[in-house]
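Asker: Just to be clear, the model below is a prediction. Sequence and coordinates:
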Amino acid sequence: MSKVEIEIPDDRWFRGEWRVRPQDKQLCVVIEKESLFNSCIGIAQYRKGNDNFRYVLSHMIEKYGIGYINMNAVDRWKPLGLPEDVNERILADIEKWFEEDE
């Protein structure tokens, strides 16, 4: 195993263009770059295989359904940081949503 040193911003926000990525299926707060939706802020789940976030808990669900945002369109992101028991419960619910969506 290799060891690396990394600097994490004090405010814990990571830039989308950085090579730092969340863990697969991790919930994050995402700020989009200016887009059709004028820099939306939402809660999304990172999906490693596609290198994108999938919105799961935001106003966008009501208006646009569950949608994707590629890392190229992300201005900043940071882990949501929910308590572990709450996080696990929400992740289980999200998996059910995605099964129904496919």
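Answerer: Perfect, I can see it now.

Asker: the bottom helix or strand of this structure by mean pLDDT?
Answerer: The weakest-scoring helix or strand in the chain, judged by mean pLDDT, DSSP states H and E, is helix 59-64 (a mean of 51).

Asker: following that one, which helix or strand shows up next?
Answerer: strand 68-70 (DSSP states H and E).

Asker: now the helix or strand following that following strand, how far from the chain's geometric center?
Answerer: Counting by DSSP H and E, the next helix or strand C-terminal to strand 68-70 is strand 74-79. In terms of CA atoms, centre = their mean, to the nearest Å, the centre of strand 74-79 is found 7 Å from the chain centre.

Asker: Identify the residues contacting strand 74-79?
Answerer: With CB atoms under 8 Å, 6 or more residues apart in numbering as the test, strand 74-79 has contacts from 11-16, 22, 26-33, 39, 53. All C-beta atoms are positioned from the backbone trio N, CA, C, and that covers glycine.

Asker: Who are the packing partners of whichever helix or strand comes after it?
Answerer: Later in the chain than strand 74-79, the nearest helix or strand by DSSP H and E is helix 84-101. Helices and strands touching helix 84-101, by 3 or more CB pairs under 8 Å, 6 or more residues apart in numbering; DSSP states H and E, are strand 27-32, strand 52-57.

Asker: what residues are up against residue 22?
Answerer: By CB under 8 Å, 6+ apart, the neighbours of residue 22 are 28, 46, 77, 79.

Asker: Tell me the spacing between the residue nearest to residue 15 when sequence neighbours are not counted and residue 2.
Answerer: Spatial nearest neighbour of residue 15, excluding adjacent residues (CB to CB, 6 or more residues apart in numbering): residue 76 at 5.9 Å. To residue 2, residue 76 is 27 Å away according to CB to CB, to the nearest Å.
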